[in-house]
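*Asks:* This is the structure alone, sequence omitted:
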């Protein structure tokens, strides 16, 4: 099966619970062949983003679109059958933009190998110990980093520090919300927690934004937390 077909959602899937189980199963196959976190998180962001676009009964096109998931898919994802005409751009349904994103602690990122450390911006070095950096994502351009210490910023910072999922029905009512995309109306952020030697280490977060108020619910939280756990198990950190 071509890798891209992993993002197709069968018509038999009707509920969010069924949807997230399907995405989990597809991701388990994709990340089962190697353990590098950059590659696995890249495919995870793309898979979640594209699958949400292909699930119009709950997400998909229009005002309920998810607009950030950690590459960008402009139009609703449908497989085109042989002989089927492609719609002109103006006739296609408005995209339900999805954003799926990962933010990771800076220590996970490689140090420069071909650039002299002396030439690095001292300000960026100072930020390194107090920020999560932007990782693999799908959607519009996003914040390059999010501060987590000494004072966490936004939904992502709070989920990181609290070590628990933060579900925000209306971002305009959330204190300190960071507007990476002004069209975002709701958000859900799941922490990525590695359990090692009796210690919980927060490596980063998985962040999804939606164009609708109340775009995410408890079913999404359960599904995304399972996916976050799968990602942790499937990568070498």
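*Replies:* Structure's in. What do you need? The structure displayed is predicted, hence computed values, not measured ones.
*Asks:* Show the residue spans covered by the strands in the chain.
*Replies:* 66-68, 99-105, 131-138, 145-147, 166-168, 186-196, 199-210 (DSSP state E).
*Asks:* Please name every helix or strand in contact with the second one.
*Replies:* Translated: strand 99-105. Judged by 3 or more CB pairs under 8 Å, 6 or more residues apart in numbering; DSSP states H and E, strand 99-105 is in contact with helix 37-53, strand 66-68, strand 131-138, strand 199-210. Using the backbone N, CA and C atoms, a C-beta is placed for each residue, glycine as well.
*Asks:* Buried residues in the last one, which are they?
*Replies:* Buried residues in strand 199-210, counting neighbours by 16 or more other CB atoms under 10 Å, are found at 202, 203, 204, 205, 206, 207, 208, 209, 210.
*Asks:* Pull the distance from it to the chain's centre.
*Replies:* Counting by CA atoms, centre = their mean, to the nearest Å, strand 199-210 is centred 9 Å from the centre of its parent chain.
*Asks:* Output the buried residues of strand 199-210 in JSON lines, with distance to residue 12 and pLDDT appended to each entry.
*Replies:* Compiled in JSON lines, the buried residues of strand 199-210 are given as follows (distance: CB to CB, whole Å; pLDDT from 0 to 100):
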{"residue": "202", "distance to residue 12": "37", "pLDDT": "96"}
{"residue": "203", "distance to residue 12": "35", "pLDDT": "97"}
{"residue": "204", "distance to residue 12": "34", "pLDDT": "97"}
{"residue": "205", "distance to residue 12": "32", "pLDDT": "97"}
{"residue": "206", "distance to residue 12": "26", "pLDDT": "98"}
{"residue": "207", "distance to residue 12": "29", "pLDDT": "96"}
{"residue": "208", "distance to residue 12": "24", "pLDDT": "94"}
{"residue": "209", "distance to residue 12": "28", "pLDDT": "90"}
{"residue": "210", "distance to residue 12": "24", "pLDDT": "89"}
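*Asks:* for these, which one is nearest residue 30?
*Replies:* residue 206 (15.4 Å; CB to CB).
*Asks:* just to revisit the earlier point, now tabulate the buried residues of strand 199-210 in a markdown table and tack on distance to residue 146.
*Replies:* Listed next are the buried residues of strand 199-210 as a markdown table, based on distance: CB to CB, whole Å:
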| residue | distance to residue 146 |
| --- | --- |
| 202 | 13 |
| 203 | 14 |
| 204 | 10 |
| 205 | 8 |
| 206 | 13 |
| 207 | 9 |
| 208 | 15 |
| 209 | 14 |
| 210 | 19 |
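*Asks:* between those residues, which is closest to residue 19?
*Replies:* Using CB to CB, those come closest to residue 19 at residue 208, 13.2 Å.
*Asks:* Name the residues linked to residue 100 by a beta bridge.
*Replies:* Per DSSP bridges, the residues bridged to residue 100 are residue 69, residue 138.
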